[in-house]
Structures are given as structure tokens and as C-alpha cells.
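Participant: Predicted model, plus sequence, below.
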Amino acid sequence: MKHFINLKDIPAKDLRKIIVDAKKRKKLRKKLSTLEVDKGAPLKGKMLIQMFEKASSRTRISFYLAIKQLGGGTLTLRSNELHLGQGGESISDTAKILSTYGDGFMLRTDSDKKIEDFKKYLSIPLINGLSPSSHPTQVLSDVFTAEEIKKKPIAKLNICWIGDSNNVLDSLIAASVKFSFKLNIGCPKNFEPSKEVRAWVKKNNKRIFIYNDPKKAATGADVIFSDKVISLNDKVNKKKKIEQFKRFKIDKKLMSNAKKDCIFLHCLPRGSEVSDEVFLGEKSHVWQQALNRVHVQKSILLYCFGKLR
Ligand code: CP
Ligand code: NVA
């Protein structure tokens, strides 16, 4: 049994194995319809319990499809429906109950500590479905998408992030170290990655560059990533933050600094950080990116259940 909590803690060879498996599985599904089960039903009889303390469209649906296509089932809970969420039950007791009824647990939460506490008491795999410090299933899937579209290992691509220093960027930074790709980050000075993240980067990799000028960050990029300036439950002055990000808006003009065949990716939901023209334009592959979460999460589930080929 393995957890999938933060890309930083997962060996690079395991991350690559997940991507290779997802590629093979995606190919084999070409003629299958949405709920048809993969040959061999590798997770037959298994139940994934998902719990969301924050909103989600893509993560909840893609995990539902992922476990179904592997022959298992899922139960989706909102934390306020549980005794835990109402303050009447401890994490340790809840974790033991989840481990009794289910085979895997996926949690989206506003608390990294909660993830750690669940990890301590669960005897089934735990998957981080987004926390303040990371969104690992999203970013591993994004590595898959970048390689699928550019038809190159990500280590040979210039990756650029224009946007907030949030959980998705933290996972992209971890991916840059694990997969050895160059990462340019474009953000306002006061929204740079935290000291801890920068210290970790310094220790592990020299191919991450921070620019306070979006044009410089985008120059020569093969892929430009972005995310909402205001994350779920962002506690900052939203109006002020959006104002500070105005000159980082990804529009056609900014894209023209990148390579001619540069693609645009965004995990969604979106806000004002990208123009409609770019988001809905020919360089954008956001719908394929969203769909790939199903394929990659299937291989993540197999990894967690010790069934990766
Ligand atoms: N990208 C992503 O995680 O979307 P949701 O918040 O809709 O799950
Ligand atoms: N950074 C965003 C990602 C949403 C998928 C958030 O945490 O809200």
C-alpha cells in the first residue's frame, strides 16, 4: 500500500512508471465507452471513499470515472455530513472507520495537518485531492498532457508558469525537480513562492527561475501553465491581489513571447488571469488536460493499491 500525498515524497521512478502505465491504458480505451471496465478489472471489488471539504468539479468526477473504469466503486462525502465535520468525532476514530469500510481514501482539504493526521491513522492508501501546499494528482496528469501533446519527455521542454504561487505551482516545482525540467515562474514580487519552497528548490535543482516580468518568464516557452489568481478560500484582499496580477494576464501578446508552437494549459476553474482568446484558442488544450486526469488517476490508484504493472 502506498500513499499519494506530495510529489516531493514520491520517487521519480515511481512517478514515471505511473505515466507510462497511464499512456498504455489510455491507448487501450479507445473503443470503450465511459463506464466500461478495463480488461482484467484490476480494482474489482475495491471502494474508494472521497471526501471534499472544498468545492470540486473535475477531481470528484475524474476519480469517480477512474475507479469505475478499473472495476471498483466510489462513495463521495462532504465533510459536513460526517460526525468529524461537525466536531463530534476525532480524526483517529474516523480514519479507523474509513479503513474498515473502504479500500482507499481521497481527501480535499484546507489543512495540510489534517492530511498528516489521517495518514497516521489510516490503514488504507491516502490520496491528496488538493491541500494548501499541493495538488499532486493534477500536476502529474499535467506532466502527462504536456508530453502527450509535445511528443517529447518533459525534461526536453521549457515549462513556464504565469500566476500565483499556490498549491498547483508548489506541485509543479516538485515535478520540475523529479522530472528535471526547466521551469520559469512569472509572478509579482510579493507573490513569489515561499521561503521554504525556494530553499527546497535551491537544495534540489538549479533549473527553476523566478521573474517579476511576465514577458521574460514566457520567453522561449514550450508550455505555459496558469491557474486562478484567487484560490478556493484565499484569505487575502481579493480585489487588491487581482489588481497586482493585471499585468500578468495571459493574452495573445504575452503568448507571442513564447515559442511559435507553445501550448497553453490551465487546471481550471479559471478567472481573469487568462483572456478568452487564449483560453478558447487553438494553442489551448485545457479540455484534453482535464480528461487526462481520469487516465493518470487510474494509474495513481493502481500505484496506491500495489497493482501497477
Ligand atoms: N482542477 C481541479 O482540481 O478542479 P476541481 O477543483 O474542479 O476539482
Ligand atoms: N489553486 C486552486 C486550484 C483549484 C483546482 C485552488 O486551490 O483553489
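Facilitator: All right, it came through fine. None of these values were measured; they are calculated from a predicted model. Numbering: from 1, shown residues only. Ligands and ions are numbered 1, 2, ... in the order given.
Participant: contacts for the lowest-mean-pLDDT helix or strand in the chain?
Facilitator: Using mean pLDDT, DSSP states H and E, helix 195-204 stands out as the lowest-scoring helix or strand of the chain, at a mean of 90. Residues outside helix 195-204 that contact it (Cβ atoms under 8 Å, 6 or more residues apart in numbering): 8, 165, 170, 173, 177, 192-193, 208. (Each C-beta comes from the backbone N, C-alpha and C, glycine too.)
Participant: and that helix, how far out from the chain's middle?
Facilitator: In terms of Cα atoms, centre = their mean, to the nearest Å, the centre of helix 195-204 is set 20 Å apart from its chain centre.
Participant: Use 771 as the first number from now on
Facilitator: Noted, 771 is the first residue going forward, which turns the last one into helix 965-974.
Participant: Next to ligand 2, which bits of the stretch 971-1079 of the chain? Give me the list.
Facilitator: Neighbours of ligand 2 within the stretch 971-1079 of the chain, by Cβ under 6 Å from any ligand atom: 997-998, 1001-1002, 1037.
Participant: Okay, the residue most central in space within the chain and Cys1037: tell me how far apart.
Facilitator: Nearest to the mean C-alpha position of the chain, counting by Cα atoms, centre = their mean, stands Gln908 at 1.7 Å. Distance of Gln908 to Cys1037, computed by Cβ to Cβ, to the nearest Å: 5 Å.
Participant: Now the common contact residues for these two.
Facilitator: With Cβ under 8 Å, 6+ apart, Gln908 and Cys1037 have common neighbours Val938.
Participant: Let me see the contact set for the nearest residue to Leu835 once chain neighbours are set aside.
Facilitator: Spatial nearest neighbour of Leu835, excluding adjacent residues (Cβ to Cβ, 6 or more residues apart in numbering): Val1064 at 4.7 Å. Contacts for Val1064 (Cβ under 8 Å, 6+ apart) come out as 832, 835-836, 839.
Participant: Could you provide these in CSV, with additional columns for neighbour count?
Facilitator: Shown next, in CSV, are the contacts of Val1064 (neighbours: other Cβ atoms under 10 Å):
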residue, neighbour count
Ser832, 23
Leu835, 19
Ala836, 25
Gln839, 24
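Participant: and which of the residues you listed is nearest to Ala987?
Facilitator: Taking Cβ to Cβ as the measure, Ala987 lies nearest Ser832 of the contacts of Val1064, at 29.0 Å.
Participant: okay but that closest one is in contact with His1065, surely?
Facilitator: No: using Cβ atoms under 8 Å, Ser832 makes no contact with His1065, being 9.0 Å away.
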